[in-house]
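Enquirer: got a predicted structure here, sequence first:
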Amino acid sequence: MARELVLAAIANGKHVVTANKALIAVHGNEIFAAAHEKGVIVAFEAAVAGGIPVIKSLREGLGANRIEWVAGIINGTGNYILTHMRDEGRAFDDVLAEAQALGYAEADPTFDVEGIDAAHKLTILASIAYGVPLQFEKAYTEGISRVTAQDVEQADNLGYVIKHLGISKRTEQGLELRVHPTLIPKERLLANVHGVKNAIAVMGDAVGPTLYYGAGAGAEPTASAVVADLLDVARDITTDHHYRVPYLAFSGISEDVSQLPIMPMEEITTAYYLRLLAVDRPGVLARVATILSEQGISIEALIQKEATEGELVPIILLTHRTLEKHMNEAIRQIESMADIAGPVTRIRVESLDEQE
């Protein structure tokens, strides 16, 4: 319905201001083409990060930069849950119920906790950052519902915080577009964004790292962004249109930029946190290490707790960077071991420094 209403307004020569991130992420290419043909504005600052003017910053303020990566906490519900899991040692389901009671989470929280909402927003940011068409269907999306209080505690012991991040990077092979739980070092600014707040870090080749922080939802923050868009429309109406900024920061898609592919997740390179339960027998850890080594994966840190008789031993591993497909195969082999109980928990690790 939203798509039909917006296209009808454009067909009638009307400017459009929207906060609908799903509309832009899924149908934006069609909508912007129609708007360009009719010579009208489609403004959507409120569609990403509420009152934070990150779209204008990417599209205009950072226009002189080649964007290397974008990483953001762009869903307040997920950040609220992970914050309280860390600060209070509570389980996911418990904090989710509280978030629903407080109105931060919907009765059906799927879009928030499974990363779909964040993937909509990341799709928009990536399109602006890299000058490529909107490609929501190619975004990798993983939620936080399987993150446990134990994972949050172990991450803390290793010097990390778990955040639900939207990450997009430019690499020699193409563009990464992914949303998933992520371990990031405690000293990073994003690691210290708490509660329902949003924050987006952007790495530009000229300016270096920049951070955009604030309220990502709510009536007044969203209204702030909507009114800013209305002011842009009003200014456009009263001028000769010569200085209108293109919808996604590029007026046309050059052949070289548009050919940047969205990389499949198995071709992504990152580090990993692994948690597994093993029978307390000699040689189990050595076999796990051998499987990782055979896939070219080296271990950076290891935590193994003592077990009383008959108990399973929790083993925590932190690996160096490797291809996702190599980790997939290693996990498949580890889970097939008779002395490993249940599935292996895997959370990706990002340092988010200037070298990434």
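Expert: Sure thing, it's come through. All figures in this text were calculated on a predicted structure; none of them were measured in a lab. Numbers count the residues shown, from 1 in each chain.

Enquirer: is Ala341 within a helix or a strand, and which one?
Expert: strand 340-349 (DSSP states H and E).

Enquirer: what is that strand packed up against?
Expert: helix 149-157, strand 175-185, strand 269-279, strand 312-319, helix 324-335 (3 or more C-beta pairs under 8 Å, 6 or more residues apart in numbering; DSSP states H and E). (Each C-beta comes from the backbone N, C-alpha and C, glycine too.)

Enquirer: do you know how far Gly51 is from Glu306?
Expert: 49 Å (C-beta to C-beta, to the nearest Å).

Enquirer: of the two, who's got more company?
Expert: Set Gly51 next to Glu306 and count neighbours by other C-beta atoms under 10 Å: Gly51 wins out with 21 against 7.

Enquirer: which secondary structure state is assigned to the more buried one?
Expert: Three-state assignment for Gly51 (DSSP: H, G, I helix; E, B strand; the rest coil): coil.

Enquirer: who's in contact with it?
Expert: Gly214, Ala215, Gly216, Gly218, Glu220, Pro221, Thr222, Ser224, Ala225 (C-beta atoms under 8 Å, 6 or more residues apart in numbering).

Enquirer: quick check, nearest of those to Val42?
Expert: Nearest to Val42 out of these is Ala225 (C-beta to C-beta; 14.2 Å).

Enquirer: angles on the backbone of the closest one, please.
Expert: phi -70, psi -40 (degrees, to the nearest 10).

Enquirer: just checking, it touches Pro53?
Expert: Yes - Ala225 is in contact with Pro53 according to C-beta atoms under 8 Å; the separation is 7.0 Å.

Enquirer: what residues are shared contacts of these two?
Expert: Glu45.

Enquirer: ok so, going back, closest one of the contacts of Gly51 to Asn328?
Expert: Gly216 (32.2 Å).

Enquirer: OK, contacts around the closest one?
Expert: Contacts for Gly216 (C-beta under 8 Å, 6+ apart) come out as Ala49, Gly50, Gly51, Ile52, Ile73, Ile74, Asn75, Gly76, Val196, Lys197, Asn198.

Enquirer: repeat that with 7 Å
Expert: Going by C-beta atoms under 7 Å, 6 or more residues apart in numbering, Gly216 touches Ala49, Gly50, Ile52, Ile74, Gly76, Lys197, Asn198.

Enquirer: tell me how far the second one lies from Gly28.
Expert: When C-beta to C-beta is the yardstick, Gly50 and Gly28 sit 19 Å from each other.

Enquirer: cool, the fifth one as well?
Expert: The span separating Gly76 from Gly28 equals 23 Å under the rule C-beta to C-beta.

Enquirer: SS state for Gln173?
Expert: Relying on three-state DSSP, one would call Gln173 coil.

Enquirer: quick check: it touching Glu267?
Expert: Yes - counting by C-beta atoms under 7 Å, Glu267 is a contact partner of Gln173 at 6.4 Å.

Enquirer: ok, back up a step: just name the most buried of the helices and strands packed on strand 340-349.
Expert: For the helices and strands packed on strand 340-349, the largest average neighbour count (mean count of other C-beta atoms under 10 Å) is found in strand 175-185, namely a mean of 24.

Enquirer: where does the stretch 201-350 of the chain dip in pLDDT?
Expert: The model of the stretch 201-350 of the chain has pLDDT under 70 over residues 241-243, 251-258, 307-310.

Enquirer: if you set the cut-off to 80 instead, what comes out?
Expert: Residue ranges of the stretch 201-350 of the chain with pLDDT under 80: 239-259, 305-311.

Enquirer: among the contacts of Gly51, which are in strands?
Expert: Applying DSSP state E to the contacts of Gly51, the entries found in strands are Gly214, Ala215.

Enquirer: out of the contacts of Gly51, who has the most neighbours?
Expert: Gly216 leads the contacts of Gly51 on contacts (other C-beta under 10 Å) with 27 neighbours.

Enquirer: relative to Asn198, how far out is it?
Expert: Gly216 is 3 Å from Asn198, where distance means C-beta to C-beta.

Enquirer: which neighbours do the two share?
Expert: With C-beta under 7 Å, 6+ apart as the test, Gly216 and Asn198 both reach Ala49, Gly50, Ile52, Ile74, Gly76.

Enquirer: can I get the contacts of Gly51 in TSV with distance to Tyr80?
Expert: Below are the contacts of Gly51 laid out as TSV (distance: C-beta to C-beta, whole Å):
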residue	distance to Tyr80
Gly214	15
Ala215	12
Gly216	11
Gly218	13
Glu220	18
Pro221	15
Thr222	17
Ser224	21
Ala225	21
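
Enquirer: of all the contacts of Gly51, which comes closest to Val245?
Expert: Taking the contacts of Gly51 together and measuring to Val245 by C-beta to C-beta, the closest member is Ala225, at 15.5 Å.
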